[in-house]
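Student: Model the following, please.
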Amino acid sequence: MTTKLVIVGGVAGGATAAARARRLDEQAQIVVFERDEYISFANCGLPYYIGRVIKRRDHLLVTTPKELHRRYNIDVRVFCEVTRIDPARKQIDVRNVQTGETYVENYDKLILSPGAEPITPPIEGIDLPGIFNLRNIPDTDRIKAHVDTRKPEAAVVVGGGFIGLEMAENLVLRGVKTTIVEMLDQVMPPIDHEMATFVHDHLRAKGVDLELKNGVRAFAEAGGRLVVHTQNGRELTCDLAILSVGVRPEHQLARAAGLAISPRGGIAVDAAMRTSDPDIFAVGDAVTVTDLVTGHATMTALAGPANKQGRIAADNALGRKAEFKGTLGTSVVQVFDLTVASTGAAEKSLRRDNIAFQASYSHSGSHAGYYPGAGMMVIKLLFTPDTGRVLGAQIIGPKGVDKRIDVIATAIKGGMTVYDLEELELAYAPPYSSAKDPVNIAGFVAANLLKGDHDIIHWHELPHIDPATDVLLDVREQKEIEKLGAINGALHIPLWKLRHALPGLDKSKNYVAYCAVGLRGYLAHRILSQHGFKSRNLSGGYRLYQSVKGQQA
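Tutor: Prediction:
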């Protein structure tokens, strides 16, 4: 018996499901409905086309309805909006958005891929000309046309997530002075605050103004320009505003059909991507899935999981058995010369869910230091305090970040520990890595903590040390202190002099050693502890402390 599979929505989830279904069943009748013109396009490339990094518009098109039909024999109907699902009759109502024509289509199995829609907050003046969302190619065309023809001098990007940062970078590349307004105290919400401070420093160095812990109260027009009134009373005059305050799942169609919606607002699905109706599946940004680390419900607006879910839904719709086991939320974004990446749980989510963890920081070169062009990356590793199972990681640096985050994501998926990270045999040649890869170094640092070879203090604990009993010990060179500064009240003994200085130290004190990034502080701790002194090392060193504290000043 021939199966009729109807798919609502294209792009990552729907188009992938359609192509997978055809590869599985040459006889199946496959119909894809898409209310817009484009069935499959590169969402993640849209800001780069506006910035002229991607030169040709057609390079954004992954495939076209004609190509999908010619290669896969799939009936693709663009400009067709599905307005209603009748699960009892296994029918959908369809409206042609160009002609207004309506009709009914039957299905045997149905896959929903409606995606997520940008959040448009109820702000006064939000409908003024020059204010844009960025979701699809028509949005891109409007923004690019505005930049090309109006040649704006200044822009405000509302929201500091992925799209907000990418748009800020590409507007700067177009010569537009750009300000990011973000209600949180940081950009890039998936990473922890202290890691985001490195991104803040880099954005400011590139000329981007940051309005953190601030929101938009209203938009107004004055002299042909936009005026952005912020919640703290500032007025930002600009020629263009991009709204990037987040997305929410488009679940209206599913809810109206009586399908279960999760408390988080996504369409509820099981591991087979099946909804509460056994013949209806859902994939992509609109569904709620399982966080692989915490086991809790989560939502991820990421192309990678959507593609995998599309394949799995097609398998199960056509009689195979496949499971989506969950997501790590692995992500990466370019911010000018930096790469910012994360995988698994962040510290803030582990604290929120009351999951025990330890954190460590390490700084490593992207490749061998003697080979030209190495860049320094900082790695934050999160792991369980008992077995050392890896829970999450965040990495920031100019080079090699994507490679390392992928290795750690694989380690988390495989249930590996920090001891496993120590032992990973990773490719090495001077242009690519060091004999001890940054992932190995992160494993060494974390494993040393669990083995008791290393005792640390974190940047946020320093204000709570007692000057009567605790001594800050700066083991850097004098020229580093002169150039970069030091923590107030610190005793300065360069590492190479420490052994000779031990007789003058007080064993009744607790020493907190620190250096630039943590390595020399660790060496100082080993020296002190083996000579009977109580000591700890400042994890992440002065570089991390200075980045965080400099922005709290």
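
Student: now for the helix or strand harbouring residue 314, which elements pack on it?
Tutor: Assigned by DSSP states H and E, residue 314 belongs to helix 303-317. Packing contacts for helix 303-317, counted by 3 or more Cβ pairs under 8 Å, 6 or more residues apart in numbering; DSSP states H and E, involve helix 11-24, strand 109-112, strand 280-282, strand 287-290. Any C-beta I mention is one placed from the backbone N, CA and C, and that applies to glycine too.

Student: With distance to residue 176 added, can I get these in a markdown table?
Tutor: Listed next are the helices and strands packed on helix 303-317 as a markdown table, based on distance: least, Cβ to Cβ, whole Å:
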| stretch | distance to residue 176 |
| --- | --- |
| helix 11-24 | 28 |
| strand 109-112 | 38 |
| strand 280-282 | 39 |
| strand 287-290 | 36 |
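
Student: out of those, nearest to residue 464?
Tutor: Distance to residue 464, taken as Cβ to Cβ, is lowest for strand 287-290 among those, at 37.0 Å.

Student: For the closest one, which helices and strands make contact with it?
Tutor: Counting contacts by 3+ Cβ pairs under 8 Å, 6+ apart, strand 287-290 is packed against strand 267-268, strand 297-298, helix 303-317.

Student: okay, now the residue nearest to residue 166 when sequence neighbours are not counted: neighbour count?
Tutor: Distance criterion Cβ to Cβ, 6 or more residues apart in numbering; nearest residue to residue 166, sequence neighbours excluded, is residue 47 at 3.9 Å. By other Cβ atoms under 10 Å, 27 other residues sit near residue 47.

Student: can you pull the contacts of residue 47?
Tutor: Contacts for residue 47 (Cβ atoms under 8 Å, 6 or more residues apart in numbering) come out as 134, 163, 166, 167, 169, 170.

Student: need the helices for the stretch 301-450 of the chain, in chain order.
Tutor: With DSSP state H, counting those that start in this stretch as the criterion, the stretch 301-450 of the chain has helices at 303-317, 347-352, 401-413, 418-423, 438-451.

Student: of all those, which lies closest to residue 111?
Tutor: helix 303-317 (5.1 Å).

Student: next one: that closest one to chain centre, how far?
Tutor: From the chain centre to the centre of helix 303-317 is a distance of 21 Å (Cα atoms, centre = their mean, to the nearest Å).

Student: ok, now stretch 360-372?
Tutor: For stretch 360-372, the distance to the chain centre is 23 Å (Cα atoms, centre = their mean).

Student: Repeat that for stretch 16-27.
Tutor: Centre-to-centre, stretch 16-27 and its host chain are 31 Å apart (Cα atoms, centre = their mean).

Student: Would you mind listing the buried residues in it?
Tutor: Buried residues in stretch 16-27, counted by 16 or more other Cβ atoms under 10 Å: 16, 17, 18, 19, 20, 21, 22, 24, 25.

Student: re earlier: any idea of the angle the helix holding residue 314 forms with helix 11-24?
Tutor: Going by axes from the mean of the first three to the mean of the last three Cα atoms, to 10 degrees, helix 303-317 is angled at 40 degrees with respect to helix 11-24.

Student: what's next to helix 303-317, contact-wise?
Tutor: Applying Cβ under 8 Å, 6+ apart, the contact partners of helix 303-317 are 3, 5, 11-18, 20-21, 24, 43-44, 109, 111, 113, 272-274, 281-285, 287, 289, 321-324, 327, 330.

Student: Hmm, residue 239 is touching residue 149, no?
Tutor: No. At 11.3 Å, residue 239 does not count as touching residue 149 under the criterion of Cβ atoms under 8 Å.

Student: Tell me the helix or strand right after the helix or strand in which residue 195 is found.
Tutor: Element membership for residue 195, per DSSP H and E: helix 193-205. Remark: after helix 193-205, the chain's next helix or strand is strand 209-212, criterion DSSP H and E.

Student: helices or strands up against the helix or strand immediately after that next one in the chain?
Tutor: Sequence-wise, the next helix or strand downstream of strand 209-212 (DSSP H and E) is strand 216-222. Other helices and strands packing on strand 216-222, by 3+ Cβ pairs under 8 Å, 6+ apart, are strand 225-230.

Student: Strand 216-222 and the strand it packs on, what's the angle between them?
Tutor: Using the same axes, to 10 degrees, strand 225-230 lies at 160 degrees relative to strand 216-222.

Student: For the buried residues of stretch 16-27, give me TSV that also has distance to residue 262 and pLDDT.
Tutor: As requested, the buried residues of stretch 16-27 are exported to TSV (distance: Cβ to Cβ, whole Å; pLDDT from 0 to 100):
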residue	distance to residue 262	pLDDT
16	22	93
17	21	95
18	25	95
19	28	94
20	25	96
21	26	96
22	30	96
24	28	96
25	30	96
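
Student: I'm done for today, thanks for sticking with me.
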